[in-house]
Structure formats: structure tokens, C-alpha cells
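Student: Just need the structure, nothing else, for what follows:
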Amino acid sequence: MLRITGLAVLLLASTYSLAGTPGTDTTVAPLVDLDADRLITADDAGRVEKWGNSAPFAPVREFIKQDKGRKEKGAGRPLLVKNVAALNGHHTIVFHKQELVAHHEDAFDHLIRGSGYTWLCVIKPGRQYGELKDVHSFFGNLKNGGHYEGLWAGLSDDNAFWAGSRNGRTFGRWDENNPYIVTAQRLDTGRYYLLAGRMDAGTDTVAIRLYIGGMLTPAATGKFPVNPGSDASRMAIGQERDAIEHPGVESFTGEIARFILFDRALSDKALGELQRKLIKRYRLR
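Tutor: Now for the predicted structure:
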């Protein structure tokens, strides 16, 4: 049996940080790090089949194409675009009502049961063409059925940024168990942004905060009543869940160059440091 000592964990986490992935307030690595520069499997036309997770020790190793539910095989695959000048030469993934899915049912359940979370995304909004008003999701792990518990984030019809969690106690969109936390600021179509969301740890009512452009002053805040018995599902990038019964209906149009997810609420210091590193790396304004 392979044993990984505490020292080995520290050394591997340090190597991970030095490899181009921003560090955190400790040596603990994120749960997900999707970097469009790395671990992409695409066909000759650039259509993405698999996006590998750069985070070490994570139970989910890849986000893959999902053809189930699509009338046309391959229609749900996003496009890899390389060497984007506006991203300081880095790559990006273009989504148009498309998704990549991590086929692990339980890997993200704890995020809304009390652990808290922090996520960051380098994203460019497009014009939204979704079929459900103001629901154009760029990631989520909502349960496929019941009351659709999980966490998610997206854009409104006019590219206001919203995000939140759903605890599974009621179905409603939106209500006290599924808060609509939305920014007053509308994002410009065609501009790259750093967006972030953070939910505090705890099993009572906790705070959720949203951030735009590397600021530590939240762009929007809300409260979320945690349900330790909630049961979220698979994580999808590009839409709110593994929505095989209506793929693309609640998906966003735009680009994602980086997506990082921690299963805890980072401190202000750690979040600020990570945001600064990402803004510098991608030369965001």
C-alpha cells in the first residue's frame, strides 16, 4: 500500500503551486482547478472531449463531454481557443449552451452541508441565448430531480452576475432556501473578468459573498440556511447540472479560461492574494 506522509503532502502541494497554480493561505490544494492551458483533450477542430483537473489529491480527475440527451452527438462540446492576446497569451474554452461534466456523484456534496466553499473563475460573458429567463449558468452541481440542491452561478439576460446555494428544503426559484444573490453591476459582453464566490462554513445560516474584478469588497451578499442532509450531485462546467433531460436550456454563452474551487471559505488575505495572482497571470483589467 502506498503511504503519503505529511511531509510528502507539503512537498507535493508546494510543487503544485510552483507549477503555475496559485497558492492558498496554507499548503492545502483546491478541490478543482481547471486551467485551459493544461490537460485538455480536443479533436482536430478544437472541440473539447475532456478537461483534466490540475488539483492534486482530488477525487474528481476530469470533466468530460456529455452526449446523453443531445439530439446531435458532439453538439454539447465546447471549443478550445489558444493563445488569446486579451488573456496574456493564455488559452480559453468557448461555451455556447454546452457543458463538461464530472461523473462523480458525491465528490461535492459536503460543500453545501457545512464545509463552506470558495470558487474563482476567469470568464468572458457573451450574449445570453438561454431559454429560461435570467438563468444562464456557467457551473453548478445541482441534483437532477427533487428540489435540485447544490451550488451554482450564472448570468442574467443582461449579464448581471448571480450565484448561490440551494438546500433542498423547497423547490422555489428564488426563495429563502434558494437565495438569489445578484450584483447590481452588469458585465460587459466580450470582456474578461475575474469572478468569485465564497460561502462561510457552518451548519446554521451562513453568509454568501460575490466578488468582481479582484475586489475584496463584496459586489453582492446574501444568507443561506444550511441543510446538513442535502444531497447535491455531479459538477458541470458550462451549465447548472448534468441536465440530460434538457441540455443547454439553463446554460451560459461565453468563455472560461480558469475555474478554481476550494471546499472551504478562504480568508480575506488568502482570497486577496489569489485574486491578485490570477489578475496578474491573465493581465485582467
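Student: ranges for the strands of the stretch 1-150 of the chain?
Tutor: 32-35, 40-42, 48-52, 62-64, 79-84, 90-96, 100-102, 117-125, 136-140, 150-155 (DSSP state E, counting those that start in this stretch).
Student: Correct me if wrong: residue 250 contacts residue 134.
Tutor: No: contact criterion C-beta atoms under 8 Å: residue 250 and residue 134 do not qualify, at 10.2 Å. Every C-beta, even on glycine, is put in place using the N, C-alpha and C of the backbone.
Student: before we move on, back to that, please dump the strands of the stretch 1-150 of the chain into TSV; it should also carry mean pLDDT, distance to residue 72 and mean neighbour count for every row.
Tutor: Below are those laid out as TSV (pLDDT from 0 to 100; distance: least, C-beta to C-beta, whole Å; neighbours: other C-beta atoms under 10 Å):
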stretch	mean pLDDT	distance to residue 72	mean neighbour count
strand 32-35	98	25	24
strand 40-42	98	18	16
strand 48-52	97	15	19
strand 62-64	94	18	20
strand 79-84	98	15	15
strand 90-96	97	13	21
strand 100-102	93	17	25
strand 117-125	98	25	24
strand 136-140	93	21	28
strand 150-155	96	24	25
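Student: CA atoms of stretch 217-226 as CSV?
Tutor: Only the C-alpha atoms of stretch 217-226 are listed here, as CSV (Å, rounded to 0.1, in the frame of the first residue of the first chain):
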residue,chain,number,x,y,z
THR,A,217,-15.5,44.4,-1.0
PRO,A,218,-18.4,42.1,-2.0
ALA,A,219,-20.4,43.1,-5.0
ALA,A,220,-23.4,41.2,-3.5
THR,A,221,-24.1,39.4,-0.3
GLY,A,222,-26.8,37.0,1.0
LYS,A,223,-27.7,34.5,3.6
PHE,A,224,-28.1,30.7,3.2
PRO,A,225,-29.7,28.3,5.7
VAL,A,226,-27.5,25.2,5.6
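Student: Report the rounded mean pLDDT for stretch 253-267.
Tutor: Stretch 253-267 shows an average pLDDT of 97 in the prediction.
Student: how about it: buried residues?
Tutor: By 16 or more other C-beta atoms under 10 Å, the buried positions in stretch 253-267 come out as 253-266.
Student: which one of those sits closest to residue 89?
Tutor: residue 257 (11.0 Å; C-beta to C-beta).
Student: show me the contacts for the closest one.
Tutor: Applying C-beta atoms under 8 Å, 6 or more residues apart in numbering to residue 257 gives the contacts 35-36, 84, 87, 90-93, 122-124, 192, 282.
Student: For the buried residues of stretch 253-267, name the two members farthest from one another.
Tutor: So for the buried residues of stretch 253-267, where distance means C-beta to C-beta, the most widely separated pair is 253 and 264, at 31.0 Å.
Student: measure the closest residue to residue 61 other than its chain neighbours to residue 44 for me?
Tutor: Nearest residue to residue 61 in three dimensions, chain neighbours excluded: residue 53, at 5.5 Å (C-beta to C-beta, 6 or more residues apart in numbering). Counting by C-beta to C-beta, to the nearest Å, the separation of residue 53 from residue 44 is 24 Å.
Student: Those two: who's more crowded?
Tutor: Set residue 53 next to residue 44 and count neighbours by other C-beta atoms under 10 Å: residue 53 wins out with 22 against 5.
Student: Show me what the residue nearest the centre of the chain is bridged to.
Tutor: By C-alpha atoms, centre = their mean, the chain has its centre lying nearest to residue 139, at 4.8 Å. When assigned by DSSP bridges, residue 139 has beta-bridge partners residue 153, residue 237.
Student: First-to-last residue distance for stretch 167-177?
Tutor: 6 Å (C-alpha to C-alpha, to the nearest Å).
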